[in-house]
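Novice: Okay, sequence plus prediction incoming.
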Amino acid sequence: MLLAIEQGNTNTLFAVHDGERWIAQWRAATDSSRTADEYAVWLSQLLAMAGLALGAFDGCIVSSVVPQSIFNLRNLARRYLKVEPLVIGENAELGIPVRIDKPSEAGADRLVNAIGAHVVYSGPLIVIDSGTATTFDVIAADGGFEGGVIAPGINLSMEALHNAAAKLPRVAIQKPQKVVGTDTVGAMQSGVFWGYIALIEGLIARIKAERNEQLTVVATGGVASLFHGATHAIDHFDSDLTIRGMLEIWRRNTGRA
């Protein structure tokens, strides 16, 4: 039994793998001040609802882009799961080349996504992860991480628009029926949604032109489903990309097929 903890800036995902498949997933708001004890209380209740217990695990892997939280997540694994966790960026070997100027600067989430995509999709890839930030990462045919692009996330952009302009309301992000809005809410939704579609299509085109090769485009992340059916530039939508990469890293480090 493996517990995979994938922590982004906005949400933290806890996923349980029983050796054959993912059997449970839960999300919590990311809070860097949350202690190991608080995590344990929250997680034990959810596990009990699924017929599981904290003592059922023989492995834990952590991927976090919030350095302040790693100490508490590590203590959660040690104190309550009774296992030593693999932590991306610390004691986990990834098994892929990182071909950027400063490899230590590559975010754990981006490297995990690279591995998760490479084990399923062949050839060179572009992986788009839509979360707090929207990242576009290039993965070589051999699985190597080649760099990418970081842009503000769609929710962050909408929030910034509301906060910076006194008369613009906070609105839900959704696909508008038409591009030209006839009221303020419709205009804002169109600008953010279709603006991000244009961002995605434009950056994909520029990356492909710069690389001068065919690349398969895979999208993942919390809001990637918003773009499903809105553009032909994305070849695959894969919500399990990150936890699949974490499972592969765990297997590589433990020797378990």
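Specialist: Perfect, thanks for sending it. Here the structure is a predicted model, which means the values were calculated and not measured.

Novice: Which helix or which strand is home to residue 27?
Specialist: strand 22-29 (DSSP states H and E).

Novice: Pull out the buried residues from that strand.
Specialist: Neighbour counts over strand 22-29 (16 or more other C-beta atoms under 10 Å) mark 24-26, 28 as buried. C-betas here are computed from N, CA, C, even on glycine.

Novice: And the helices in this structure?
Specialist: Taking DSSP state H as the criterion, the chain carries its helices at 36-49, 67-76, 108-118, 154-164, 184-211, 241-254.

Novice: Residue 201: which of the buried residues of strand 22-29 is nearest?
Specialist: The closest of those to residue 201 turns out to be residue 25 (C-beta to C-beta; 30.3 Å).

Novice: what sits against the most centrally placed residue in the chain?
Specialist: Centroid check for the chain by C-alpha atoms, centre = their mean gives residue 221 as the closest residue, at 4.9 Å. By C-beta atoms under 8 Å, 6 or more residues apart in numbering, the residues touching residue 221 are 128-131, 134.

Novice: Residue 147 against residue 99, yeah?
Specialist: Yes. The pair residue 147 / residue 99 is scored as a contact, 7.2 Å apart, by C-beta atoms under 8 Å.

Novice: quick one: least confident helix or strand in this structure?
Specialist: None of the helices or strands of the chain scores lower by mean pLDDT, DSSP states H and E than helix 154-164, at a mean of 81.

Novice: C-alpha coordinates for that one, PDB please?
Specialist: The C-alpha trace of helix 154-164 is given here as PDB (Å, rounded to 0.1, in the frame of the first residue of the first chain):
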ATOM      1  CA  ILE A 154      -6.100  31.000 -15.000                       C
ATOM      2  CA  ASN A 155      -7.600  31.400 -11.500                       C
ATOM      3  CA  LEU A 156      -4.800  33.700 -10.500                       C
ATOM      4  CA  SER A 157      -5.400  35.900 -13.500                       C
ATOM      5  CA  MET A 158      -9.100  36.100 -12.800                       C
ATOM      6  CA  GLU A 159      -8.400  37.000  -9.100                       C
ATOM      7  CA  ALA A 160      -5.900  39.600 -10.100                       C
ATOM      8  CA  LEU A 161      -8.400  41.200 -12.500                       C
ATOM      9  CA  HIS A 162     -11.000  41.400  -9.700                       C
ATOM     10  CA  ASN A 163      -8.500  42.800  -7.100                       C
ATOM     11  CA  ALA A 164      -6.900  45.400  -9.300                       C
END
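
Novice: what sits up against that helix?
Specialist: With contact meaning C-beta under 8 Å, 6+ apart, helix 154-164 is reached by 10, 130, 132-134, 152, 168-171, 173, 188, 192-193, 195-196, 223, 226.

Novice: Now list the buried members of those.
Specialist: Buried among the contacts of helix 154-164 by 16+ other C-beta under 10 Å: 130, 132-134, 171, 188, 192-193, 196, 223, 226.

Novice: Let me know the closest of the residues you listed to residue 113.
Specialist: residue 130 (11.4 Å).

Novice: ok, now how distant is the closest residue to the closest one other than its chain neighbours from residue 234?
Specialist: Excluding the flanking residues, the one nearest residue 130 by C-beta to C-beta, 6 or more residues apart in numbering is residue 221, at 3.7 Å. Using C-beta to C-beta, to the nearest Å, residue 221 is found at 12 Å from residue 234.

Novice: just residue 176 next, same as before
Specialist: For residue 176 relative to residue 234 (C-beta to C-beta), the value is 19 Å.

Novice: Next: residue 32.
Specialist: For residue 32, the distance to residue 234 - C-beta to C-beta - is 32 Å.

Novice: again, but for residue 77
Specialist: In terms of C-beta to C-beta, residue 77 sits 35 Å off from residue 234.

Novice: out of these two, which sits in the busier spot?
Specialist: Between residue 77 and residue 234, counted using other C-beta atoms under 10 Å, residue 77 has the larger neighbour count: 24 against 21.

Novice: Next up, the contacts around that one.
Specialist: Contacts of residue 77 by C-beta under 8 Å, 6+ apart are 3, 60, 62, 83-85.
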